[in-house]
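[1] Sequence and predicted model, in that order:
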Amino acid sequence: MSNNDEIIKITNASKSFDGNELFSNLNLTVKTNQIIAILGPSGCGKTTLLRMIGGLEECNDGTIFFQDKDLNSYSIDGSIGFIFQKPILFPHLDVGKNILLGSKEKIDRKLRKSIIDKELEFIGLPGFSKRKVESLSGGESQRVALARALLAKPKLLLLDEPFSALDVKARRILAKETRSILKSKNMAAIHVTHDPEEADLIADSVITWGNLSIKSESTDDNQ
């Protein structure tokens, strides 16, 4: 495989647990700066697929290439970020310090405030640096988790139904905001969800789980 425009290429991947096949012959290509949404019901294997791409699970068969490198023999080393259904924030740290955890490098104490302020402004939460994470709403918590993930400057972001715990209005707003943030960073992403409207709002292409090896639907209204 050699295509500089492809960040992820999955070929004939399969996954089984205790002899029970979750999926097989799964194929997917994600291009640089492209946002893909995978739409399917709970329990169909979407999260497992993300874990495989993120290096947390191995394929039983098939291959996953990340920028032309086989993930079975290559350490992603922070090049892939993950946003979970429930944001993982550390309650003993304030919002600003939670965000700083995303940095791969040690940040000089004099620069910390400016970096935190910049990230908070970017995600629409200016002035939240000293807030306790317990005081945040679900949507605010996900914004903080997103800022932390983006600070690591990943080349691909995996989003595992990150808005599922929010009400419908909040999900729609955050889907639009997240798309805008990812596009401003020119970042590729794979977003999995069971919500068709959410998928349309966030993605360049929506792929239904059953058609994952076959086709994608363009969502031109998001361009």
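    Ah, there it is.
[2] Quick one: neighbours of Arg109, just the number.
    Neighbour count of Arg109, defined by other C-beta atoms under 10 Å: 7. For the C-beta atoms, the positions are set from N, CA and C on the backbone; glycine is no exception.
[3] Let's see stretch 167-185 as CSV, backbone CA atoms only.
    The C-alpha atoms that make up stretch 167-185 are tabulated as CSV, following Å, rounded to 0.1, in the frame of the first residue of the first chain:
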residue,chain,number,x,y,z
ASP,A,167,-29.7,15.5,25.5
VAL,A,168,-30.6,15.9,21.8
LYS,A,169,-30.1,19.7,21.6
ALA,A,170,-26.7,19.5,23.3
ARG,A,171,-25.6,16.7,21.0
ARG,A,172,-26.5,18.7,17.9
ILE,A,173,-24.6,21.8,19.1
LEU,A,174,-21.5,19.9,20.1
ALA,A,175,-21.5,17.9,16.9
LYS,A,176,-21.4,21.1,14.9
GLU,A,177,-18.8,22.7,17.2
THR,A,178,-16.6,19.6,17.1
ARG,A,179,-16.7,19.5,13.3
SER,A,180,-15.7,23.2,13.1
ILE,A,181,-12.8,22.6,15.5
LEU,A,182,-11.5,19.5,13.7
LYS,A,183,-11.7,21.3,10.3
SER,A,184,-9.8,24.3,11.7
LYS,A,185,-7.1,21.9,12.8
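[4] Please identify the buried residues of it?
    By 16 or more other C-beta atoms under 10 Å, the buried positions in stretch 167-185 come out as 170-172, 174-175, 177-179, 181-182.
[5] Now for Gly210: which residues touch it?
    Gly40 (C-beta atoms under 8 Å, 6 or more residues apart in numbering).
[6] Tell me the gap between stretch 94-105 and the middle of its chain.
    Centre-to-centre, stretch 94-105 and its host chain are 18 Å apart (C-alpha atoms, centre = their mean, to the nearest Å).
[7] can you check stretch 130-147 too?
    With C-alpha atoms, centre = their mean as the basis, stretch 130-147 stands 17 Å off its chain's centre.
[8] first to last residue in that stretch, what's the distance?
    End-to-end distance for stretch 130-147, by C-alpha to C-alpha, to the nearest Å: 15 Å.
[9] picking that back up, any chance of the buried residues of stretch 167-185 in TSV, with secondary structure and pLDDT too?
    Shown next, in TSV, are these (DSSP: H, G, I helix; E, B strand; the rest coil; pLDDT from 0 to 100):
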residue	secondary structure	pLDDT
Ala170	helix	89
Arg171	helix	90
Arg172	helix	93
Leu174	helix	90
Ala175	helix	93
Glu177	helix	92
Thr178	helix	92
Arg179	helix	95
Ile181	helix	91
Leu182	helix	93
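[10] For Asp195, state which of those residues is nearest.
    Arg171 (6.7 Å; C-beta to C-beta).
[11] Backbone torsions only: list them for the nearest residue to the closest one once chain neighbours are set aside.
    Spatial nearest neighbour of Arg171, chain neighbours left out: Phe163 (4.2 Å); criterion: C-beta to C-beta, 6 or more residues apart in numbering. Main-chain dihedrals, Phe163, degrees, to the nearest 10: phi -110, psi 10.
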